[in-house]
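Trainee: Give me coordinates for this.
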Amino acid sequence: MGKRDYSLLGPDARRAVETGLAAAEWYHSEVPRKEMKALMQRSDGPAIRDTIILVAAMLICLGLGMALWPSWWSAPFWLGYGVLYGSAMDSRWHECSHGTAFKTPWMNNVVYHFASFCMVRNPVTWRWSHARHHTDTIIVGRDPEIAIMRPTEFLKVIANFFGLFDAVNGWRRMLYNAFVGVHPEEATFIPVSEQPKVVWVARLWVAIYAVTLVLAVSMQSVLPLMVVGLPRLYGAWHHVMTGLLQHALQVGLQAFELTSCIGLL
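Mentor: Residues are numbered from 1 along each chain as shown. You can find the predicted model right below:
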């Protein structure tokens, strides 16, 4: 088999629809409704506590980093701030997009939008992108969030430790949304009624980055960019590392299950 086309508009996307892989009904374990409701009970307390700890840690690292700037003594605090900005926000983005972090919907939305900005993922686009991801998981041409493609592009994986692929693509798409509109691939999974929101969010973000760049130029310092933008690059390594470890564990478990099944034959 040749190289797969992972775009949402290519031949593999059409093949997924034609062969019934898109929105397919897969096997799932039946869990009684009462038991499922008990497992899905949420509360605001733990999420509020953890969010306060996160924000406080970010502010402390940021304050010390700025106070010690430009000395190398500030580096550990920028590293801490970067990991909280460019990595810890990944899990907040994910859980709050599902509405599972807080019981109160608006709290999920506030943290989700903040985390989306830090991770450079348009919150409107990615809410629908993630819905498609869970509908057509790892279906080539349908799932827009396949992390590791085949054949594996190792340079891309390494570059993502510094955010050089995901973040740059996020900024590129932000500019496209702000000045051109919704991308054709995005239009395949975002409802028409939601598409104007994608554009308005992108324009707001462009304005924030523009102000940050103006400050950096006027101050003749990279400091404003160390606060907004660059942490997505120098703090990305942690969430990429944990994501790869999770993927490796999943592959290992699948291999173990396959070996066990063969052994039973």
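Trainee: Below-threshold pLDDT in the stretch 51-200 of the chain: ranges please.
Mentor: For the stretch 51-200 of the chain, applying pLDDT under 70 flags the ranges 138, 141, 145, 147-148, 150.
Trainee: Which parts of it are helices?
Mentor: For the stretch 51-200 of the chain, applying DSSP state H, counting those that start in this stretch gives helices covering 75-86, 88-98, 105-119, 123-135, 154-160, 166-179, 195-219.
Trainee: if we compare the ones you listed, which one ends up closest to residue 25?
Mentor: For the helices of the stretch 51-200 of the chain, proximity to residue 25 was assessed by CB to CB; helix 123-135 is nearest, at 11.0 Å. C-beta coordinates here come from the backbone N, C-alpha and C atoms, glycine included.
Trainee: Mind giving me the packing neighbours of that closest one?
Mentor: Packing contacts for helix 123-135, counted by 3 or more CB pairs under 8 Å, 6 or more residues apart in numbering; DSSP states H and E, involve helix 88-98, helix 105-119, helix 195-219.
Trainee: How many residues are close by residue 122?
Mentor: Residues near residue 122, counting by other CB atoms under 10 Å, number 24.
Trainee: What backbone torsions are found at it?
Mentor: Here is the backbone geometry of residue 122 (degrees, to the nearest 10): phi -50, psi 120.
Trainee: for residue 161, same thing?
Mentor: phi -60, psi -20.
Trainee: Residue 246: which of the helices of the stretch 51-200 of the chain is closest?
Mentor: For the helices of the stretch 51-200 of the chain, the distance to residue 246 is smallest for helix 88-98, at 11.2 Å, taking CB to CB.
Trainee: tell me the angle the closest one makes with helix 75-86.
Mentor: For helix 88-98 and helix 75-86, the angle between their directions (axes from the mean of the first three to the mean of the last three CA atoms, to 10 degrees) works out to 20 degrees.
Trainee: May I see the buried residues of helix 88-98?
Mentor: Neighbour counts over helix 88-98 (16 or more other CB atoms under 10 Å) mark 88-90, 92-97 as buried.
Trainee: and stretch 110-128, how far out from the chain's middle?
Mentor: Distance of stretch 110-128 from the chain centroid (CA atoms, centre = their mean, to the nearest Å) equals 8 Å.
Trainee: one step back: make TSV from the helices and strands packed on helix 123-135 and add distance to residue 62 to it.
Mentor: Below are the helices and strands packed on helix 123-135 laid out as TSV (distance: least, CB to CB, whole Å):
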stretch	distance to residue 62
helix 88-98	14
helix 105-119	13
helix 195-219	14
